[in-house]
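Engineer: Provided below are the primary sequence and the corresponding predicted coordinates.
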Amino acid sequence: MDEKLLQSLADKQAIYEVLVRYCRGIDRFDMDLVRSSFHPDAIDNHTGYIGTAEGFFTFVEPHLRSFAGSMHILCNHLSEIDGDVAACETYALAIHWDREGQVATRNMTMGFRYVDHMTRRNGLWKIQERWVACEWAKSDLDQTKLKLEGPVGTRGPDDPLTALRAKLGFG
């Protein structure tokens, strides 16, 4: 493979990992991980919020705390890269659920696209500006949450990934 193709593939992978890191941070309630996905002067145009990324972290934290959990699923992704600048579109699903006994209408699923202006600074790709373009949303009012046995995802040290990372000595 030639050098230009290898660099293009490495850039696309690094950009995709920014998105995965953001989703992991939101779902595991790790705001440092979420923060690491954005440049310090980034802008976020999000559902219910438009402003600095730092302001978004403050805005979203109490909303995340009010749910029992969330799961963000990344789907189709395309990055168009020109040097140290990229335009990215990522289709995604977000599922949010309440604690048992809370308002069932807050159990919801949303389909949307992350539209990201990413830039590479000091060798690192991060979000410079983000638009979250909602396509649809639905409440799961009439859905029953099933009780499952086995490993359970959490936002704390009991999460299977957190335990595995600790066992392997990863940060």
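Structural biologist: Cool, got the structure. Numbers count the residues shown, from 1 in each chain.

Engineer: show me what counts as buried in the helix or strand hosting Arg24.
Structural biologist: Per DSSP states H and E: Arg24 is located in helix 3-27. Of all the residues in helix 3-27, those buried under the rule 16 or more other Cβ atoms under 10 Å are 11-12, 14-16, 18-19, 21-23, 25-27. The way it works is simple: take the backbone N, C-alpha and C, and place the C-beta from them, glycine included.

Engineer: mean confidence for the very next helix or strand once past that helix?
Structural biologist: Counting by DSSP H and E, the next helix or strand C-terminal to helix 3-27 is helix 31-35. Computed over helix 31-35, the mean pLDDT rounds to 95.

Engineer: hmm, who's touching the helix or strand just after helix 31-35?
Structural biologist: Toward the C-terminus, helix 31-35 is succeeded by strand 38-46 as the next helix or strand (DSSP H and E). With Cβ atoms under 8 Å, 6 or more residues apart in numbering as the test, strand 38-46 has contacts from 50-56, 59-60, 119, 121, 126-132.

Engineer: cutoff 10 Å now
Structural biologist: 18, 22, 35, 50-57, 59-60, 112, 114-119, 121, 124-134 (Cβ atoms under 10 Å, 6 or more residues apart in numbering).

Engineer: so who does the residue positioned nearest the centre of the chain touch?
Structural biologist: The centroid of the chain falls nearest to Cys23 when counting by Cα atoms, centre = their mean (2.2 Å). Cys23 makes contact with 33-34, 37, 70-74, 90, 92, 94, 114, according to Cβ under 10 Å, 6+ apart.

Engineer: what does the pLDDT read for the nearest residue to Gly48 once chain neighbours are set aside?
Structural biologist: The shortest distance from Gly48 to any non-neighbouring residue, by Cβ to Cβ, 6 or more residues apart in numbering, is to Phe59 (7.5 Å). Note on Phe59: pLDDT of 94.

Engineer: contacts only, for Phe59.
Structural biologist: Contacts of Phe59 (Cβ under 10 Å, 6+ apart): 44, 46, 48-52.

Engineer: again with Glu54
Structural biologist: 35, 38, 40-42, 44.

Engineer: tell me the helix or strand right after the helix or strand harbouring it.
Structural biologist: Using DSSP H and E, Glu54 sits within helix 53-66. Next helix or strand after helix 53-66 toward the C-terminus (DSSP H and E): strand 69-82.

Engineer: what are the pairing partners of that next one, and which direction each?
Structural biologist: strand 85-97 (antiparallel) (DSSP bridges).

Engineer: may I have the partner strand exported as PDB, CA atoms only?
Structural biologist: Taking C-alpha atoms only, strand 85-97 is exported to PDB below (Å, rounded to 0.1, in the frame of the first residue of the first chain):
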ATOM      1  CA  VAL A  85      -9.800  19.000   8.500                       C
ATOM      2  CA  ALA A  86     -12.700  16.500   8.200                       C
ATOM      3  CA  ALA A  87     -16.400  16.600   7.600                       C
ATOM      4  CA  CYS A  88     -18.000  13.600   9.200                       C
ATOM      5  CA  GLU A  89     -21.500  12.100   9.200                       C
ATOM      6  CA  THR A  90     -22.400   9.300  11.500                       C
ATOM      7  CA  TYR A  91     -25.900   7.800  11.800                       C
ATOM      8  CA  ALA A  92     -26.700   6.700  15.300                       C
ATOM      9  CA  LEU A  93     -29.300   5.400  17.700                       C
ATOM     10  CA  ALA A  94     -29.600   6.400  21.400                       C
ATOM     11  CA  ILE A  95     -31.600   4.500  23.900                       C
ATOM     12  CA  HIS A  96     -32.300   6.000  27.300                       C
ATOM     13  CA  TRP A  97     -34.100   4.300  30.200                       C
END
